[in-house]
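In: One predicted model, sequence on top.
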2 protein chains.
Amino acid sequence: MASAASAWDRLGMHLRDTQLLGSIQSTLYWDQNTRMPSGGAAWRGEQLTLLARQLHARQSSSLYADLVAEARQAWASGEHCAQQGRNLDLLEQDLRRQQALDPELVASIATAKAKGYNCWQQSRAASDFAGFAPALQTLIDLRKEQARQLQEPRSCWETLAQPFEPDLNLKRLQELFAPLRARLPELVKETRAISQSRTMEWDLDEPAQQQLCEQLLRSWGRDSAITCMARSPHPFSITLGPADYRITTRVVPGQPLSCFLATAHEWGHSLYEQGLPDQSHQWFTWPLGQATSMAVHESQSLFWENRVARSLPFAHQWWQRFAEAGAPLTSAGDLWRAMNPLAPGLNRVEADELSYGLHILIRTDLEIALLEQGLAVQDLPNEWNQRYGQLLGVQPASDAEGCLQDVHWSEGLFGYFPSYLLGHLISAQLSEAMETEIGSPEEHIAAGDVTPMLGWLRQNVHGVGRALNAEDLVQQVTGRPLDSAAFLRHLTAKLNRLATL
Amino acid sequence: MASAASAWDRLGMHLRDTQLLGSIQSTLYWDQNTRMPSGGAAWRGEQLTLLARQLHARQSSSLYADLVAEARQAWASGEHCAQQGRNLDLLEQDLRRQQALDPELVASIATAKAKGYNCWQQSRAASDFAGFAPALQTLIDLRKEQARQLQEPRSCWETLAQPFEPDLNLKRLQELFAPLRARLPELVKETRAISQSRTMEWDLDEPAQQQLCEQLLRSWGRDSAITCMARSPHPFSITLGPADYRITTRVVPGQPLSCFLATAHEWGHSLYEQGLPDQSHQWFTWPLGQATSMAVHESQSLFWENRVARSLPFAHQWWQRFAEAGAPLTSAGDLWRAMNPLAPGLNRVEADELSYGLHILIRTDLEIALLEQGLAVQDLPNEWNQRYGQLLGVQPASDAEGCLQDVHWSEGLFGYFPSYLLGHLISAQLSEAMETEIGSPEEHIAAGDVTPMLGWLRQNVHGVGRALNAEDLVQQVTGRPLDSAAFLRHLTAKLNRLATL
């Protein structure tokens, strides 16, 4: 009979190979988005489907179930600490989910994701929603079937949102978003006076932008031995191994700060990953070493983008570097205003801090409608455009600028969008707690040293991993439940400052 | 009972998944060489080991053996054509080899390759052969064990060379190389008078070099939907899917033509892959759709590098473009001489056409000595340096410039180097046949149209795939057995021209 100790080891070895396979999948995804010629798409889709099948087989196998059960038995007999108990809770939850799924469905979803993504790329380029609609319908049908098979005591949308926001439900989501639904449109109206175009009248060439991005990450302590930067149509951050962190950005013509801010944003994601509990191979294996939710992830990227890079003291330190790179700036204020345009636009990724939330509210409502309220796929563009008109006062000239702009639905990612806005709330609430404990971010930025802030985040957020879910983490760090107050305070303060400077 | 037809289908499906896994492995290799930060190496090694284990398990499984046996039975009963018989021959040969190998050895080799490669990178940077020696010793031991387990009626070196040059043996190799051993050193001496340095007194900046490379491939009909270009420390060509062909190059300071010629070379490799028989998924699955040998591969890369890009008519067409990019050239002759330096140097990859063969003869002799004649690893640098002194009249100042310059041995690739020189012989002999049939390459280049040459290669070489091995292919296309006469004729003609122009 195997000893109790070896039950842990054997489970650990099984999980390690699962992580290896998962990280291979991520490497293929990285390549798909940064290098792969378009002709490679069909074969890549098949590679990803093969890996999805393999992963599902591993994660739902009776062999694996036995390993988890043995480890649970060892734990129940007093071995190991509470942390390992939490690891087992998370593994058991995932095992139940994997076992509930038909392998054919898993393969179909992987194939539909790859096809949907390619179809979306073509349809967006041609602004042809009708061409994309069948792929989207397939993804919705498959995801509904997935939720049905999972048989959780949750609605369809809630079930699909679990991988991104563990324990979130619709009631709580609407409670958190209600003050924003009320206040954001008012603020947009109030600030019409200080609005300005997001498209600058100047631009920076690509090498200049790249150099500024490299300077930024150097000043934030980037270690090039474990990180790399590339270009992709959609900026993202990804971790491919315990010492292999990558980010991508893009250069947008006419928006000379877009690449710089995207770099700050994606680097924030990467810092969270880099700071997860002990990224030795051992911890890389266990769930506790992983990110706890996409909203917490987003709170970290937003911290570095909005609290640091868009702050006034940051502009004081950087405006001359931008001027040297060719930007027609004559003061810190010039850069700061350029970093903080207020112009409700059509595009989520390029949106300002104020209107960003409205982009998310629209998407959240629409995907709940698609999954749970019978909104027909063909009616999506019309619904989308109406809401943009109502909430933001803008109308997409084409579906490429409208409901085809984001990649998420093309990969069947439903339940993901709210994390972006929850991230704003979390980031604001964490920033207030940081200020109380070690002084405001602005003071540290003015002092030219990000180390204390990074240290605080490492200790209070990154190092927690999945030991706590998002809301419990916020409660622990800030001493109160998550709400939208801090975010609205931050927005109001910034708007006042923009109006007076 | 399964029908005979379904035996083929089931075998095809199994092979297809094998190809998917193999191409995933290749994608990881591509990433490792083009993007991965150095910190990612250990985890990447584990990913590759996992895939190597999986692939070996698939390719040696009794399930797979049964599929091959069933297909063979169907074939014997008269189904399908001779081509499928050849496919089965090749599959059975590979199956025997895979079954002969201990899975632990397969995993150990994969791990040792990844470690060896990383160790080599560090040791080369530090010119520290002693630091690399243990990794090399491990690889030699593992490869010897592999040859032992394969139990073929061949010597150790011959066994290891089979994946690169099917059916090659040492006797035939020495027969083919003997005239070169005699003649090349003489030619080197004779041409001392017209020698010149390979390091130019001018350089081109990186963007200019990149633009010239892009122009070159555009003029050669590159389809960017199925190809991509990147940078890596060591230029290579790789195919990641039926419509996903990639090449890498590098910019070498002080050698403004290096990147351009490497692009021509790697593109030649890629054209061979792009022209393999019907790259539909079906054919991608079967061995006949693959390259027949590394020497044939090399013959194709050398054709575009040496016969085309280094030719005088090419210089006539391109010198002004180089001049516009900043090169201080005033005539086609200037570019042509710069493209054809004759200076025995220390580096294989940067070697001229004449001394290139000597680099290979040295490596071939040394790896046979390491594997079969008891040369001790620690004596390698000394042996290497002695031979370079004797044959090329140069002495490496460090092992980085000497026996640490090439990647091959660090990945345990023994038996590969001769393919490079055999590629020169094949390229020369094929070029003479091309000239007889459709006119000389120089005429086509002067006419500014590479299409007839590419068409001839497609029809006579690329489209043959693995239907014929390298020497049978040469016999079929040129009407006579492979030898070194055409290559020596080509060299002599070029040297005479260089001496007189």
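Out: Yep, it's here.
In: Could you break chain A into its assigned domains?
Out: Listed by automatic domain parsing, the domain ranges of chain A are A:4-151, A:170-500.
In: angle of the helix or strand hosting residue A:210 against helix B:206-219?
Out: Here residue A:210, judged by DSSP states H and E, is contained in helix A:206-219. Inter-element angle recorded for helix A:206-219 and helix B:206-219: 130 degrees (by axes from the mean of the first three to the mean of the last three CA atoms, to 10 degrees).
In: Going C-terminal from helix A:206-219, what's the next secondary structure element?
Out: With DSSP H and E, the next secondary element past helix A:206-219 is strand A:227-231.
In: ok, and does that next one reach over to chain B?
Out: Yes: counting by CB under 8 Å from any CB of the partner chain, chain B has neighbours in strand A:227-231: A:227-228, A:230. Placement of C-beta: from N, CA and C, glycine included.
In: So which of those wins on neighbours?
Out: Taking other CB atoms under 10 Å in any protein chain shown as the neighbour criterion, residue A:228 ranks highest of the residues of strand A:227-231 next to chain B with 21 neighbours.
In: wait, doesn't that one sit right on residue A:243?
Out: No: Residue A:228 lies out of contact with residue A:243 (CB atoms under 8 Å); the separation is 11.5 Å.
In: joint contacts of those two?
Out: residue B:37 (CB atoms under 8 Å, 6 or more residues apart in numbering or on different chains).
In: ok now stretch A:344-357, how far from the chain's centre?
Out: In terms of CA atoms, centre = their mean, to the nearest Å, the centre of stretch A:344-357 is found 16 Å from the chain centre.
In: cool, and stretch A:71-83?
Out: 33 Å.
In: Also stretch A:112-126?
Out: Averaging C-alpha positions (CA atoms, centre = their mean) puts stretch A:112-126 21 Å from its chain's average.
In: Also stretch A:214-224?
Out: 21 Å.
In: Can you give me the buried ones in it?
Out: Buried residues in stretch A:214-224, counting neighbours by 16 or more other CB atoms under 10 Å in any protein chain shown, are found at A:216-217, A:220, A:222.
In: Spit out the contact partners of residue A:401.
Out: Per CB under 8 Å, 6+ apart, neighbours of residue A:401: A:127, A:346-347.
In: can you pick the most crowded of these?
Out: Busiest of the contacts of residue A:401 [other CB under 10 Å] is residue A:346, holding 19 neighbours.
In: Would you verify that it is located in a helix?
Out: No: going by DSSP: H, G, I helix; E, B strand; the rest coil, the assignment for residue A:346 is coil, not a helix.
In: and the stretch 51-200 of chain A, which of its residues are near chain B?
Out: So far as CB under 8 Å from any CB goes, the stretch 51-200 of chain A lies against chain B at residue A:51.
In: Output the below-cut-off pLDDT ranges for the stretch 51-200 of chain A.
Out: A:79-80, A:193-199 (pLDDT under 70).
In: number of nearby residues for the closest residue to residue A:208 other than its chain neighbours?
Out: Nearest residue to residue A:208, sequence neighbours excluded (CB to CB, 6 or more residues apart in numbering or on different chains): residue A:325, at 4.2 Å. For residue A:325, the neighbour count with other CB under 10 Å is 17.
In: ok, now how distant is residue A:325 from residue B:8?
Out: 62 Å (CB to CB, to the nearest Å).
In: mind listing the helices for the stretch 351-500 of chain A?
Out: Using DSSP state H, counting those that start in this stretch, the helices of the stretch 351-500 of chain A run over A:353-372, A:380-387, A:417-438, A:441-446, A:451-460, A:470-478, A:485-500.
In: Out of those, which is closest to residue B:412?
Out: Of all the helices of the stretch 351-500 of chain A, it is helix A:451-460 that lies closest to residue B:412, at 40.8 Å by CB to CB.
In: can you pull the buried residues of that closest one?
Out: For helix A:451-460, burial by neighbour count (16+ other CB under 10 Å) applies to A:452-454, A:456-458, A:460.
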